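Chemist: I'll drop the sequence and a predicted model, then ask my questions.
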Amino acid sequence: MASIKKNDWSEYFQITKNNPPSKLLVKALKYVVNKGKAIDVGAGALKDTRFLVENGFDVIAVDKSDLMAKEAKEIKSENLHYFVSSFADFEFPKNEYDIASAMYALPFNSPESFDLVFTKIKSSLVKGGIFCGQFFGVHDAWSDDKMMTFHNKEQVEKLLSGMEVILFDEEEKDDKTANGTPKHWHLFYVIAKKF
Ligand SMILES: C[S@@+](CC[C@H](N)C(=O)[O-])C[C@H]1O[C@@H](n2cnc3c(N)ncnc32)[C@H](O)[C@@H]1O
């Protein structure tokens with residue numbers, strides 16, 4: 001999935017730019033009742049944003065990397081709006097989105113602001129709105145990185161308070177990052193609906 005250069009996403013963007021949308025997002029879309037507004041949190045090279053636009057959503061893409069803006073300028077759609085911003089600085093509106101997709105993104109937020117960011121994401125959803133995304137587990141190979149956030153199962157469950165959990169899968173595997181570097185992954189895949 002991710003490049004191991006966590007402050008330079010250029011290689012990752014290049015590799016993922018033309019990838020198909022995330023399987024978790026495709027699955028989550030089945031639970032979205034109204035295809036109105038979506039937010040792609042940590043949108044990267046916009047593979048999922050593009051998919052959401054194609055599915056009729058008005059999409060907000062948020063990412064702290066300027067490279068995201070470069071990709072966004074290539075997509076000629078009035079249904080795409082993009083913001084180069086950290087998650088912590090982004091002003092999430094309340095009760096706005098039918099789906100918030102955060103693919104391999106939130107763990108790159110530091111622990112200091114993680115809970116607040118996630119609370120804001122939840123409150124940005126309309127009632128019945130869907131969150132989908134991954135959290136990284138404490139056994140992940142990157143878990144000694146103090147700029148990132150890792151959770152155990154109970155902590156992820158606690159984050160999802162006020163939501164109906166539709167999918168909760170924990171996975172540990174020895175696999176590779178997007179650029180082929182071997183890595184031990186510890187992941188929680190989540191789809192949840194706001195009450
Ligand atoms: C592993 S990439 C995932 C990108 C995309 N969601 C995908 O699945 O291909 C993580 C993305 O999160 C962005 N990112 C990391 N930390 C961030 C933060 N604190 N605020 C905003 N964006 C951040 C990076 O710039 C990068 O584009």
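Modeler: Structure received. Numbering: from 1, shown residues only.
Chemist: drop to CA atoms for contacts and neighbour counts, all remaining ones
Modeler: OK.
Chemist: ok, now how distant is the spatially closest residue to residue 171 that is not a sequence neighbour from the ligand?
Modeler: Computed as C-alpha to C-alpha, 6 or more residues apart in numbering, the closest residue to residue 171 that is not its neighbour in sequence is residue 187, at 5.2 Å. For residue 187, the distance to the ligand equals 13 Å [C-alpha to the nearest ligand atom, to the nearest Å].
Chemist: which other helices and strands contact the helix-or-strand element of the chain with minimal mean pLDDT?
Modeler: Least confident helix or strand of the chain, by mean pLDDT, DSSP states H and E, is helix 10-16 with a mean of 94. Judged by 3 or more C-alpha pairs under 8 Å, 6 or more residues apart in numbering; DSSP states H and E, helix 10-16 has no packing partners among the helices and strands.
Chemist: Report the backbone C-alpha coordinates of it in CSV.
Modeler: What follows is helix 10-16, C-alpha atoms only, in CSV (Å, rounded to 0.1, in the frame of the first residue of the first chain):
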residue,chain,number,x,y,z
SER,A,10,5.4,11.3,-4.9
GLU,A,11,6.4,7.7,-5.5
TYR,A,12,3.2,6.5,-3.9
PHE,A,13,1.1,8.9,-6.0
GLN,A,14,2.8,7.7,-9.2
ILE,A,15,2.2,4.0,-8.3
THR,A,16,-1.4,4.4,-7.2
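Chemist: Nice, that's everything, thank you.
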